[in-house]
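>>> Sequence first, predicted model second:
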Amino acid sequence: FTGEICAFKIHGKETPFEAVVLNKTSGEGRLRAKSPIDCELQKEYTFIIQAYDCGSGPAGTNWKKSHKAVVHIQVKDVNEFSPTFKESVYKATVTEGKIYDSILQVEAMDEDCSPQYSQICNYEIVTTDVPFAIDRNGNIRNTEKLSYDKQHQYEIMVTAFDCGQKHATEDVLVQVNVKPVCKPGWQDWNKRIEYRPGSGSIPLFPSIHLETCDGPVSSIHATIELQTNYIGKGCDRETYSEKSLQKLCGASSGAIDLLPSPSATTNWTAGLLMDNNDMIFKFDGKQGAKIPDGIVPKNLTDQFTITLWMKHGPSPGLRAEKETILCNSDKTEMNRHHYALYVHNCRLVFLLRKDFDQADTFRPAEFHWKLDQICDKEWHYYVVNVEFPVVTLYMDGTTYEPYLVTNDWPIHPSHIAMQLTVGACWQGGEVAKPRFAQYFHGSLASLTIRPGKIESQKVISCLQACKEGLDINSLESLGQGIKYHFNPSQSVLVMEGDDIENINQALRKVSYINSRQFPTAGVRRLKVSSKVQCFGEDVCISIPDIDAYVMVFQANEPRITVSGMDHFARPAAQFESERGVILLPDIRIVSTVTKMEHPEDLKEPDRANKPVVLEEMLHNLDFCDILVIGAELDPEQECLELDPVALQGKHLDATNSTAGYSIYGVDSMHNYEQVLRQIRYRNWFTSATFERKFKVKCSELNGRYTSNEFNLEVNILHTSNSDFTDHVNHMIAQPQFLQSVHHPEGSISAAHNSVVPSVATIVIIICVSILIFIITLGVYRIRTAHQHSSSDNEGSKENEMDWDDSALTITVNPMEKYEKPHQTEEESEEEDIEDEEEDTTSAESDESEEEEEEEEEEEVIIQKGDKQNAVRQEQLEWD
């Protein structure tokens, strides 16, 4: 027993190991774990072990132990854990345009215990096609310069590997925000600003502010420019005719339009190139127009005015020729220029040669102005006021004195006729055949000449005023430190201040306004340029310009409707009277626009099914024409008239001709109605005329919007001296006044229209009606008492009425003649027709007979006197 080993004993607290004897004789044993060993909980163990023999006998007494041996155990690791990142999301912000060595570092960890499995050996970007890279330490960098405009933010996924090449179970998100480089400039503004007609004043930059990047700014100078030079004649102006505009602005009358729209009476502009919308004439250096004799008086006196719109560019060639705008020269034999307005080498020159009989002295003859605007290819408004010997030029409302005035001798008198031309000068002498010369290159519009008067500064400003421009909402809230200035047309606004926030607030109040009811649709460009001054010697920041635009939408087109009584008849005596007959007593002019309900809420497929709404609108008109249909008026026997007092207090004028009557001027539809209702037609020789037809047509914006053609027929009723009753029949039995209608039982009347007869007509009709009533009553009593046959009555009087034995009674109230003249007139007419009918009605028949008679219609042919020989038909329907 003493030579054997019976046990091993481990000394240590909670040691998870035990030792067992495998061979007692050899003393071999095994050390083993009592439970699973986890390296992550404890990497190594150290404890003491001793061996024990079996003692002196089988009972194991007197055993002995060996010396102590130290056991050291290291636990070998298994790669059981995957790497995990310390953060769920990594975020970083970078400035655009820079390359970074390290934007941020991601970090992962592994719970394995050994260096082989617990260390992170590599990181990798999972997201493809991104401008980033990562090293083995988790540092992320950009591989190219980032752009804020291209992409504001990048999101990339990153994974990690331990040294056992086990990757993370979950990738981590890395967000890289790109911050723009701090660029000084205006921020928070929209490039497109929408403007709808009638919106009034809308702010252009309601949220704008200036970013200075903490620069030491001492003052700011901002210029806001509305560029409208490609709209109409430089900006959105009223497109009425020049005459209408001058009347609207209070200009003195007598202006002669030298470039009117081509028409039968103004045909000298027919061959010129023209833009119909804006009345613009384009001259290409090959065209000129002769003004007919008599349009402009030969003697303009010492006071007169020339006005025009001109768009002109630099003249071609080194030695440019004169370019004639307006020229009055000899028609034949000689080549003398009496007065002329022309452009030469970007100078505007006005020539005025006095006649020899007016003065025999050396006098001012040529007036020169040198202005950059003459050749800038933009529209400008020019007014030449002549108060000889002083000549003043107004360009866009600003006064300019001539920089050079040259004198010349007067022109010797001669009997040679003169030729006034536009766009070129007529060369009547010094050439084999008279021809045009000195052609104009550019565009002209609204060229007028007003003899005998000059225009005031106020009228000139009104004529060239723009209807659109920049505006400032609530000037009083601009702030103390803001200075501002508008140019005359309000297309340029300059602001200056030393406080950034005050400038921001001021710019937010800048707005666009268009006061036209029907503005020109299209784009208006906006430009804001800024200059900044800084404190000290620091380099000042540069502010980029703002390029934006205002989109003006098309206005809803109005539909102008002219309505009223479209035909009437009057006795010839009324037409021959001193006052004549009012043509349009109840004319009505109404304008409507078609609007869709809530158009912004509709998608395209729904628009067709959405109901539209007609809304009446008020706007001005600029002319109404009453034109004769058929042969023109014969001035020897007929005319259209209007009392001049009807035009007083209105912006209206009128012209009269054999073709009709024209009322023009910018005024309300109500004022046009008032004037049209006072136009009279007179015919003092009516025997040869039975009817006249007219048509009425109105316009807004010089024909941009036109009304329907309203047709009117006027009948002249002739009388017969031989037979008064025939006269009555002819006068009242007009088909235009009658239409078949059904009335309640017991009433016999015809529908009447809205014609209002004169007092004389009412008296005549009353008398005739009383006469017919008396005759009817007498005939009725005679026939009832004596039962005479109808043939006896027909023999006694040709127009006497024929009655049957029915008990029909007709009662006429004379007072109704005064209250309802047309109804009475038509009742009389029906009674007259009844005289010629044979047994067509019965008042005491039963219901079935009444129904049959209601459906019965008879044509009655009324023969007029010998003078008329016309056949008219009328259908009557009786209860």
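Now that the structure is in, tell me what you want to look at.

>>> With adjacent residues omitted, what lies nearest to the residue nearest in space to the middle of the chain?
The structure's the chain has its C-alpha centroid closest to Q554; by Cα atoms, centre = their mean the separation is 3.3 Å. Ranked by Cβ to Cβ, 6 or more residues apart in numbering and with sequence neighbours excluded, the top spatial neighbour of Q554 is A521, at 4.1 Å. Bear in mind the C-beta positions are built from the backbone N, C-alpha and C, glycine included.

>>> residue contacts, the one you found?
552-555 (Cβ atoms under 8 Å, 6 or more residues apart in numbering).

>>> Strands - which of these land there?
With DSSP state E as the criterion, strands contain V552 from among the contacts of A521.

>>> Top of the contacts of A521 by number of neighbours, please.
Highest neighbour count within those: V552, with 24 neighbours (other Cβ atoms under 10 Å).

>>> For the closest residue to that residue other than its chain neighbours, which residues are in contact?
Distance criterion Cβ to Cβ, 6+ apart; nearest residue to V552, sequence neighbours excluded, is Y195 at 4.9 Å. Contacts for Y195 (Cβ under 8 Å, 6+ apart) come out as 202, 512, 514, 550-553.

>>> For PyMOL, what selects the buried ones among the residues you listed?
In PyMOL syntax, the buried subset of the contacts of Y195 is picked out as below (16 or more other Cβ atoms under 10 Å):
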select buried, resi 202+512+514+550+552
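
>>> For the stretch 1-150 of the chain, which residues score under the pLDDT cut-off?
Along the stretch 1-150 of the chain, the parts satisfying pLDDT under 70 run over 1-2, 56-61.

>>> where do the strands sit along it?
Taking DSSP state E, counting those that start in this stretch, the strands of the stretch 1-150 of the chain run over residues 5-11, 17-23, 28-33, 44-53, 69-74, 84-85, 89-95, 104-105, 108-109, 120-125, 132-134, 139-142.

>>> quick one: buried residues of the longest helix along the chain?
Using DSSP state H, we find that the single longest helix of the chain is helix 759-786. For helix 759-786, burial by neighbour count (16+ other Cβ under 10 Å) applies to 761-762, 764-766, 768-769, 772-773, 775-776, 779-780, 783.

>>> returning to that earlier point: between the contacts of Y195, which is closest to H670?
Closest approach between these and H670, by Cβ to Cβ: N514, at 24.7 Å.

>>> That closest one and D499: what is the separation?
N514 sits 32 Å away from D499, going by Cβ to Cβ, to the nearest Å.

>>> Now tabulate the buried residues of helix 759-786 in CSV and tack on distance to G97 and pLDDT.
Output for these, formatted as CSV (distance: Cβ to Cβ, whole Å; pLDDT from 0 to 100):
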residue, distance to G97, pLDDT
T761, 93, 77
I762, 94, 83
I764, 99, 87
I765, 97, 88
I766, 100, 89
V768, 102, 89
S769, 101, 88
I772, 105, 91
F773, 107, 89
I775, 111, 90
T776, 109, 88
V779, 114, 81
Y780, 113, 80
R783, 117, 72
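
>>> Reformat those as TSV; add distance to A222.
Listed next are the buried residues of helix 759-786 as TSV, based on distance: Cβ to Cβ, whole Å:
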residue	distance to A222
T761	74
I762	74
I764	79
I765	78
I766	80
V768	84
S769	83
I772	87
F773	88
I775	93
T776	92
V779	97
Y780	97
R783	101
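
>>> The spatially closest residue to L352 that is not a sequence neighbour: how many residues sit nearby?
With sequence-adjacent residues excluded and distances taken as Cβ to Cβ, 6+ apart, L352 is closest to Y339, at 4.9 Å. Burial of Y339 is recorded as 21 neighbouring residues (other Cβ under 10 Å).

>>> contacting residues for Y339?
300, 326-328, 350-353.

>>> List the contacts of P314.
346, 375.

>>> I'd like to know how far it sits from N345.
Using Cβ to Cβ, P314 is found at 9 Å from N345.

>>> Now do the shared contacts for the two.
What both P314 and N345 touch, as defined by Cβ under 8 Å, 6+ apart, is an empty set.

>>> Do you have the helices of the stretch 601-750 of the chain handy? List them.
604-607, 669-676, 724-732 (DSSP state H, counting those that start in this stretch).

>>> Also the chain?
So, for the chain - with DSSP H - the helices run 115-118, 242-248, 457-463, 500-508, 572-576, 604-607, 669-676, 724-732, 759-786, 790-796, 815-819, 821-836, 847-855.

>>> State the mean pLDDT of the last one.
With pLDDT averaged residue by residue, helix 847-855 scores 38.
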